[in-house]
Structures are given as C-alpha cells and as structure tokens.
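S.K.: Sequence plus the predicted model coming up.
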Amino acid sequence: MKPLKKAAIEILKILNSKSREAYLVGGCVRDELLNRNTKDFDIATNATVEEVSAIFKQKSWKVIPTGIEHGTLTVVHKNGHPYEVTTFRKDITTDGRRAEVSHAEVSVEEDASRRDFTINAMYQDQAGGLLDFFGGSNDIESRLLRFVGDASERIQEDYLRILRLFRFSSQLDFNVSESALQSTKELINGIKLISTERITKEWLLLLNGRSFVNTLGLMRQTNVLSELFPSIEWQSLKFPELEALKVSSRRDLAVMAAILMQTKTNDSSPFLDQLCLSKKDQGILNFALKLKDLDTATISTPADAMEILDQCTHYGGDDSILGFFIPLWTHCATHPQLLTKLKYLVETEEKWGYLRRQKAPINGKDLADELGLEDGPGMGRCLLELKKGYRNQVWSKKEEGLSQAKIIAKKYGIA
C-alpha cells in the first residue's frame, strides 16, 4: 500500500475505533479502480466536525476548519499530508450552485445519493471493502459517465456539473450517457450561474484531457460551446484536425489558439472575456495568434528570424519555441510559403540560437567611451543595427563591432 493511502486508512481506523463510520470516498476510490495515481484522499464519516476535531486534537494532530459550513475539516497527518474529512450530509435546498445541507442522522447511502456521478459516489472502508450504491464500478468497466439518480435533478442542484461532466469525459476518455446529454441540452442556460473562474478551471482541465477532441464534439452537439463562447463559429470547426496538434506544453492554450485561427477570428477579446486567464497566458495566446503577421513579414536573415524567436521566449520561455509556437504555427499554416518561413525559424534556432542567447560584446557604454556617442535615439538605433549585424555574423569581435558602429553612426549622422 502506498504511503499516502496508508495514512488515510490510519485516519479511518482512528475514527472507527471511536465507534464512528468512516470511508475513503470519491476520486481516490474511482482512481484506484482505474489504476490511476492520486494524491487526494477524501474521507466521509458520520462523526460531527466537533467530534473529528476533538479526536485528532487529542492525538496532537493539526486540524484546520476549511469548510465548517459544509461539515469539512482538514486533518493533517503526522506525515504532513492534509486529508479532508467531511461529515455525511444531505441537501435541504439548492439554488443551482450552492446547497443548504443537513448533517443530522444522515446515512452513508444518503450521502452518496447527493453526489454527481456514479463513479464518484463509491466508498471504501479500512479493509478495502467497496460500498457502491449506484453501480459506479460497472460504469467504470463500461467507461460510462452517468449521473447519480435523475440527471436533470443532479444538474439543477449544481450547474457546474455540466462542465464537470465534459471535463471527466475528456480526462478519463469515458462515454457520456444519453440521459446526461439530453438533460444537459435542456438545461444549458444554467451555465450562466457559473463563475468565470470555475468555467476557466474546468475548461483548461478539459482541453488537457486525453479525449478532448471527442468531448468538444459532444459539447457542440449539446450547444454547450455556443453557450460558453458565443463569439466562436463552432459549427465551422473541424475538431478531428486538432488531434494532429502536437505540442509538448500548454496544450490548452495551443488548442484555443488553433480554434481561433481555424475560425479566422480577428479579435480574441470576446473569447478571452469569457475566461479568467492570467496575464501571462493571455500574452502567450495573443502572440500565438500573430501567425498572419508572419505571413507578411520579411524573414530573410538570421537576425529577422531571431527577432521573432526572441518574442517567443519573452512570452513562453526558451522551451516554447520548439515545444509550443512552431508546432502550433505549423499546424495552422495554410500555404507552403508560410511553412518555408517556419522551417527557417527552426533552422535558425538550431544553427545560431547561441548568438541569440548571448549578448553582443558591445554595449552603450562602449559606444560612449570609444565613439563619444550620447544616450538617446541615435545610440539606440546604432545598438539595434549592431545587434542585427552580430546575429547575421557580420562581426564577432569588439574591434570589428566598433568599426561597424563608426559606419552606422556616420550613416545616421550621429558620430
């Protein structure tokens, strides 16, 4: 047994020793049946938060009140790992996002009945015995996502479950039940109740899932995509083409960029307004959309290519050139001339990337000391041309650079 699970079982045993029910629940049980690694082990119990707190504080374990209103405490094992322990609960009222819950005399089966999907409503006791009230283990074998009980009722309790449905489908490569799809289509307007932050989180996880292409097809079929991002012409997209997009990092951003380029979206603002991306991610995405600028740009020298490569590293880091931007742009290129330019960018980075990453052996102080140039636009222009010359291997040593600087200064009348 792996250490994190062993520690979780220890928590179950402690609660059981106090005559309380306690089980591992949800994702950790599901992932074990799927042979997936997990670090999160959630625990459900009929012990109240007061009882849980008292039991573990008596053992000098740290107890954090992370969600008292929902019956949740975080118990920090002596190994330092946190475990969420939640008292069995049932919903009293719901508003489509939040629920008023009761913990009074709630059975484990009642606790299971309020969960979203059958595969997330399984419990495991300290001996490894499985409590599966709604056929979650069978659905895992069938690779099927199905709501617990009535799909419409589960969705109306919390409309975030619509996005979770598709996120799990993408991550686990599971089919979605017809009842779930039909209820989603009928209740799609409820997405308006979901915060931008939660939409963004589910959307990015979905795009990084192994079955994101099939999932996007289901989302288009149920009108979820049009509801989330009305500025995109989703019907014109060819989702299977996205499977050929081979990037080694940030596939979520690459897929979004490919969608925007495939639909020839000139202004990404309406799309980005529906998401809560960091400024860095927005910068990467917006620079990725500069493919049409490359189409018209003159890229005939190593210095021309390095200027674009500099921008790639500015937005995404050195690994982003061959791991993100070039694969994305190559995937979205529409004619041979553009592909030739992209090939030249790769060749430049492979052959002369070291020139781009190291500083030229002349700086502004050298120009001031040796040529008497003053700070200002003239010196800036001179340094820029020297940089291009250095990258094009016109000069390499300081003395050669100073000779070039004199020629440049004379040309612009700034000597």
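M.R.: Happy to help now that I have it. Numbering: from 1, shown residues only.

S.K.: now the helices for the stretch 201-350 of the chain?
M.R.: Counting by DSSP state H, counting those that start in this stretch, the stretch 201-350 of the chain has helices at residues 212-221, 224-228, 251-262, 269-272, 279-288, 291-296, 302-316, 320, 326-332, 336-357.

S.K.: If I average pLDDT within each of these, which one is lowest?
M.R.: Between those, the lowest average pLDDT goes to helix 291-296, which shows a mean of 88.

S.K.: tell me which residues of that helix are tucked away?
M.R.: Leu291 (16 or more other C-beta atoms under 10 Å). All C-beta spots, glycine's among them, are computed from the backbone N, C-alpha and C.

S.K.: Show me what that helix packs onto, helices and strands only.
M.R.: Applying 3 or more C-beta pairs under 8 Å, 6 or more residues apart in numbering; DSSP states H and E, one finds that helix 291-296 contacts helix 326-332, helix 336-357.

S.K.: Tell me the buried residues in the next helix or strand after the last one?
M.R.: The helix or strand immediately downstream of helix 336-357 is helix 364-371, counting by DSSP states H and E. Taking 16+ other C-beta under 10 Å as the neighbour-count basis, helix 364-371 is seen to contain the buried residues Asp366, Leu367, Leu371.

S.K.: Kindly export helix 364-371 (C-alpha atoms) in CSV.
M.R.: Taking Å, rounded to 0.1, in the frame of the first residue of the first chain, the C-alpha atoms of helix 364-371 are listed here in CSV:
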residue,chain,number,x,y,z
GLY,A,364,26.1,51.6,-24.9
LYS,A,365,29.0,52.4,-22.6
ASP,A,366,31.5,51.2,-25.2
LEU,A,367,29.9,53.5,-27.8
ALA,A,368,30.0,56.4,-25.4
ASP,A,369,33.6,55.8,-24.4
GLU,A,370,35.1,54.8,-27.8
LEU,A,371,33.0,56.9,-30.2
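
S.K.: Give me the packing partners of that helix, helices and strands only.
M.R.: helix 377-391, helix 398-412.

S.K.: Output the buried residues of helix 364-371 as JSON lines; include the columns pLDDT and distance to Gln124.
M.R.: Shown next, in JSON lines, are these (pLDDT from 0 to 100; distance: C-beta to C-beta, whole Å):
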{"residue": "Asp366", "pLDDT": "85", "distance to Gln124": "70"}
{"residue": "Leu367", "pLDDT": "85", "distance to Gln124": "72"}
{"residue": "Leu371", "pLDDT": "82", "distance to Gln124": "77"}
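
S.K.: Tell me the one among these nearest to Leu4.
M.R.: Among the buried residues of helix 364-371, Asp366 lies closest to Leu4 (C-beta to C-beta), at 57.9 Å.

S.K.: That closest one reaches Lys398, doesn't it?
M.R.: Yes. Taking C-beta atoms under 8 Å as the definition, Asp366 is a contact partner of Lys398 at 7.3 Å.

S.K.: can you give me phi and psi for Thr45?
M.R.: Backbone torsions for Thr45, taken as degrees, to the nearest 10, come to phi -150, psi 160.

S.K.: Could you report the distance from it to Asp111?
M.R.: 10 Å (C-beta to C-beta, to the nearest Å).

S.K.: now swap in Gln337 and tell me
M.R.: Per C-beta to C-beta, Gln337 is found 62 Å from Asp111.

S.K.: Same check on Ile232?
M.R.: Taking C-beta to C-beta, one finds Ile232 at 40 Å from Asp111.

S.K.: neighbour count winner among the two?
M.R.: Neighbour comparison, Ile232 and Asp111: the larger count goes to Asp111, with 24 against 20 (by other C-beta atoms under 10 Å).

S.K.: Quick check: which element contains that one?
M.R.: helix 108-113.

S.K.: Work out the gap between whichever helix or strand comes after that helix and the centre of the chain.
M.R.: Later in the chain than helix 108-113, the nearest helix or strand by DSSP H and E is strand 122-124. Its chain's C-alpha centre and that of strand 122-124 lie 28 Å apart, by C-alpha atoms, centre = their mean, to the nearest Å.

S.K.: partners of strand 122-124, with directions?
M.R.: Strand 122-124 has its sheet partners listed here by DSSP bridges as strand 22-25 (antiparallel), strand 130-132 (antiparallel).

S.K.: got a list of contacts for it?
M.R.: 23-26, 28-30, 32-33, 44, 108, 112, 130-132, 136-137 (C-beta atoms under 8 Å, 6 or more residues apart in numbering).
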